[in-house]
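> Here's my sequence, what's the structure:
(4 chains)
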There are 2 protein chains.
Amino acid sequence: MADPGDTAEIYDPSRYERPSVTVDVVIFTLIERELHVLLVRRKHWPYEGYWAIPGGFVQMHESLEEAARRELEEETGVRDIYVEQLYTFGDPGRDPRTRVISIAYFALVRADRQRLRVSDESLDVRWFSVRHLPLPLAFDHDRILATALARLRSKLEYTTLAFELLPEVFSILELKHIYEQIFGEELDKGNFYRKIKDAGVLEDTGMQREGRGRPTKLYRFRRDRGEGQFVFRWREARVDATE
Amino acid sequence: MADPGDTAEIYDPSRYERPSVTVDVVIFTLIERELHVLLVRRKHWPYEGYWAIPGGFVQMHESLEEAARRELEEETGVRDIYVEQLYTFGDPGRDPRTRVISIAYFALVRADRQRLRVSDESLDVRWFSVRHLPLPLAFDHDRILATALARLRSKLEYTTLAFELLPEVFSILELKHIYEQIFGEELDKGNFYRKIKDAGVLEDTGMQREGRGRPTKLYRFRRDRGEGQFVFRWREARVDATE
DNA sequence: TATACTTATTGTTGTAGTGACACTATTGAG
DNA sequence: CTCAATAGTGTCACTACAACAATAAGTATA
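Now for the predicted structure:
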């Protein structure tokens, strides 16, 4: 750990120039069975008119995660959802104005809880399908988003994160669809049913949804079982979890 | 991403109070077949006399990883080794003097390349076995170290990181010993030989080391094969890679 | 009533990986 | 020649799993 006191620089702002510190939050959600990410359109220089990952300054009194949750709530009005620190980006020159260190978080918002607000600082806020992004994004946000996507894919393979993307109640086939979406490959229906039920993380709600064929059974995620723990492994390959 | 320009705060230091930004580097190495970590003893308040993870300010012109490598070289004289960003710690109050955001890195130093320097800012520098740490450490460094250890354990399970702890040439039993050390359980000799050779990451050096019994064959790590990729899985359980 | 449609579920089978354990081989030192 | 240590090989039972097939259970609609 640094020892600011040793050099007294810290008490002399004229001698020690400090970078700005921000949090950026990559917010994912599921819309019409597709993975979407929230972006804001910049109003000012630099990168005016470009789309960017939402973020803001870290206040002196709040922790980094609190800052991320505050940003998240400011943009989406949502609280109490899954938020995880992703990576810290701090190359000099990533912002032409000044040195900015940005601690990136990623968040998963449930499909049924979206309502957006356009802040004064931006022209627009929108969900974008991760398959049709308005590239390039502002600053080094292409890279941040790519890192977030890689992490999300990686964690789906051995955690129960996928549930955080689904609404409160959902069907097993909807869950299967998420995995297929994000892994980009089809999964066997029978094997999927077996695996997911054997894992014991589903709670039967008794509810069902009717349609053309046999009614769809609806489940709830039992958060008390295996939260964050290893539950599934869908594929052999694993990507590095960081970067 | 934050937009400092929007609010002009950034150009008015009196209105926007900025935190300090440091990097801390958790440096691991292998000494006498045991995992050790480098700590420095603090000379000044706060936590005077406590042991701490080495670190320092991020300079305005350098990237975060460059800062980490610079710290590393200042402490150990070593360059060109494995360094990876770990996590960013930034709770208010973790340093009693001012708000400090600390980007933690972890580094693996080869067993044969250690030479330490005591800086002017510290009383002492030492390698500590991770099994006999001078707890509690300064600041929130217990937590940082625990995070680093968890990450190291986790990554050993699916990467070739263990090789970064070994000297240039090594025997298979030495490698096996690292895994046993860090996982805390014995591995079957025969299975280990098979698995490691099948993985195809060893290069036969032709060298050997003589002792009482059959000479020890020495290998080199073929970095070109499977760097950072999934190669082994020794145990089923996986811990979350971050935190 | 029949049938089509959709979700839900079970069965079967071959293959790959793995852990446990026993066994053999090789080489230098004394 | 024997001991000691490293360096491997063989075998076997068990488990997980992917692939594929088949069936069951409800609902809508012709």
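> what distance separates stretch A:148-162 from the centre of its chain?
10 Å (C-alpha atoms, centre = their mean, to the nearest Å).
> Apart from its chain neighbours, what residue comes closest to residue A:210?
Spatial nearest neighbour of residue A:210, excluding adjacent residues (C-beta to C-beta, 6 or more residues apart in numbering or on different chains): residue A:216 at 7.7 Å. All C-beta atoms are positioned from the backbone trio N, CA, C, and that covers glycine.
> isn't that neighbour right up against residue A:170?
No - judged on C-beta atoms under 8 Å, residue A:216 makes no contact with residue A:170 at a distance of 9.4 Å.
> hmm, the longest strand seen in chain A in reach of chain B?
For chain A, the longest strand by residue count, based on DSSP state E, is strand A:20-31. Yes - against chain B, strand A:20-31 shows contacts by C-beta under 8 Å from any C-beta of the partner chain at A:20, A:21, A:22, A:23, A:24.
> just the residues you listed now: which is nearest chain B?
residue A:22 (3.4 Å; C-beta to the nearest C-beta).
> Now for that closest one, how many residues are close by?
22 (other C-beta atoms under 10 Å in any protein chain shown).
> how near is it to residue A:104?
9 Å (C-beta to C-beta, to the nearest Å).
> Residue A:69 too?
The value you get for residue A:69 to residue A:104, if C-beta to C-beta is used, is 14 Å.
> So for these two, which sits in the more crowded spot?
Neighbours were counted for residue A:69 and for residue A:104 using other C-beta under 10 Å; residue A:104 has more, 26 against 21.
> Sheet-wise, list the partners of the helix or strand hosting the more buried one with their directions.
Element membership for residue A:104, per DSSP states H and E: strand A:100-109. If you go by DSSP bridges, strand A:100-109 pairs up with strand A:20-31 (parallel), strand A:82-89 (antiparallel).
> Local confidence estimate at residue A:93?
Residue A:93 is assigned 93 on the pLDDT scale.
> Over to residue A:75?
Listed pLDDT for residue A:75 reads 86.
> The one 3 residues further on too?
The model reports residue A:78 with a pLDDT of 86.
> ok, now how distant is it from DNA strand D?
34 Å (C-beta to the nearest atom of the strand, to the nearest Å).
> Please apply the same query to residue A:121.
46 Å.
> Now the phi/psi pair for that residue, please.
Residue A:121 adopts backbone torsions of phi -90, psi -10, taken as degrees, to the nearest 10.
> Count the residues that sit near it.
Count around residue A:121 with other C-beta under 10 Å applied: 16.
> rewinding a little: scan the residues of strand A:20-31 next to chain B and report the most crowded one.
Result: residue A:23 is most packed of those (other C-beta under 10 Å), 29 neighbours.
> returning to that earlier point: I'd like the residues of strand A:20-31 next to chain B laid out as CSV, including pLDDT.
Converted to CSV, the residues of strand A:20-31 next to chain B look like this (pLDDT from 0 to 100):
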residue, pLDDT
A:20, 94
A:21, 96
A:22, 97
A:23, 98
A:24, 98
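> so which two of the residues you listed are the farthest from each other?
Longest distance between any two of these is 12.3 Å, between A:20 and A:24; criterion C-beta to C-beta.
> domains in chain A, as residue ranges please.
With domains defined by automatic domain parsing, chain A comprises A:12-155, A:161-221.
> Please give the centre-to-centre distance between the first one and its chain.
Computed by C-alpha atoms, centre = their mean, the chain-centroid distance of domain A:12-155 equals 9 Å.
> How about it and DNA strand C, any contact?
No - Domain A:12-155 stays clear of DNA strand C (C-beta under 7 Å from any atom of the strand), getting no nearer than 11.2 Å.
> hang on, the earlier thing: quick one: neighbours of the residue nearest to residue A:210, just the number.
Residues near residue A:216, counting by other C-beta under 10 Å: 15.
> ditto for residue A:67
23.
> which stretches of chain A form helices?
A:4-7, A:64-76, A:141-156, A:172-183, A:189-198 (DSSP state H).
> for those helices, which one sits closest to DNA strand D?
When the helices of chain A are compared by C-beta to the nearest atom of the strand, helix A:189-198 sits nearest DNA strand D, at 3.4 Å.
> Give me the angle between that closest one and helix A:172-183.
110 degrees (axes from the mean of the first three to the mean of the last three C-alpha atoms, to 10 degrees).
> buried set for helix A:189-198?
A:192, A:195, A:196 (16 or more other C-beta atoms under 10 Å in any protein chain shown).
> How about stretch A:207-227?
For stretch A:207-227, by 16+ other C-beta under 10 Å, it's A:217, A:218, A:219, A:220, A:221.
> Skip the chain neighbours and tell me the closest residue to residue A:144.
Nearest in space to residue A:144, with sequence neighbours left out and distances taken as C-beta to C-beta, 6+ apart, is residue A:104 at 5.1 Å.
> Quickly list what that neighbour is bridged to.
residue A:24, residue A:87.
> Enumerate every residue touching it.
By C-beta atoms under 8 Å, 6 or more residues apart in numbering or on different chains, the contact list for residue A:104 reads A:23-26, A:53, A:85-89, A:144, A:147-148.
> again, only this time at 6 Å
Residue A:104 makes contact with A:24, A:86, A:87, A:144, according to C-beta atoms under 6 Å, 6 or more residues apart in numbering or on different chains.
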